[in-house]
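Visitor: sequence and predicted structure, then a few things I'm wondering about:
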Amino acid sequence: MEVELIVDTNRKISLSSFEKQLDGSCCAAINIVSSKLTYSEKEFYFEGFPQFIENLEFMYSKLKGSAELRFHHESDYIKFEAKSLGHIEVTGEFLEYGEIQQNIYFGFAFDQSYLPSFIESLKAVSASLYS
């Protein structure tokens, strides 16, 4: 199942190939488009997926707060944060270790009206993983 937040052709987050790990955390493929930046990773690990969805729902209904996907041993993350006038900022950072360390930091803003369909898709994935 694929979950997408598409604001326009230059602002998009896609999560797919969700897998629940033995410790209850999750892994998914991620694809991000943020202006001129594009990032893809086959294994983005995170924990607290149900709480992340609850935090997004709270953010949408109250227009305050934040929701973050992250694994406690990793630097990689995606964070959604409510700002003024119903705007949501999504930021994230991904590190690649190797001979030369690389990192990508991205961010873009969008109207909260894009959240409901994203949240519903995430809930469907969560139900299939945790039921």
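Guide: Nice, thanks for sending it over.
Visitor: give the buried residues for the biggest helix by length in the chain.
Guide: Longest helix of the chain, by residue count under DSSP state H: helix 115-130. Buried residues in helix 115-130, counted by 16 or more other C-beta atoms under 10 Å: Leu115, Phe118, Ile119, Ser121, Leu122, Lys123, Val125, Ser126. The C-beta positions use only the backbone N, C-alpha and C, and glycine is treated the same way.
Visitor: quick one: the fifth one and Gln51 touch, right?
Guide: Going back to what we said before, that points to Leu122. No. Taking contacts as C-beta atoms under 8 Å, Leu122 lies outside contact range of Gln51: 11.6 Å.
Visitor: and stretch 20-39, what's buried?
Guide: Ser25, Cys26, Cys27, Ala28, Ala29, Ile30, Asn31, Ile32, Val33, Ser34, Tyr39.
Visitor: just the residues you listed: which are in helices?
Guide: Among the buried residues of stretch 20-39, no member falls in helices (DSSP H).
Visitor: can you put these in JSON lines and add pLDDT and distance to Glu89?
Guide: Output for the buried residues of stretch 20-39, formatted as JSON lines (pLDDT from 0 to 100; distance: C-beta to C-beta, whole Å):
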{"residue": "Ser25", "pLDDT": "96", "distance to Glu89": "25"}
{"residue": "Cys26", "pLDDT": "97", "distance to Glu89": "23"}
{"residue": "Cys27", "pLDDT": "97", "distance to Glu89": "25"}
{"residue": "Ala28", "pLDDT": "98", "distance to Glu89": "21"}
{"residue": "Ala29", "pLDDT": "98", "distance to Glu89": "23"}
{"residue": "Ile30", "pLDDT": "98", "distance to Glu89": "18"}
{"residue": "Asn31", "pLDDT": "98", "distance to Glu89": "19"}
{"residue": "Ile32", "pLDDT": "98", "distance to Glu89": "14"}
{"residue": "Val33", "pLDDT": "98", "distance to Glu89": "16"}
{"residue": "Ser34", "pLDDT": "97", "distance to Glu89": "11"}
{"residue": "Tyr39", "pLDDT": "96", "distance to Glu89": "17"}
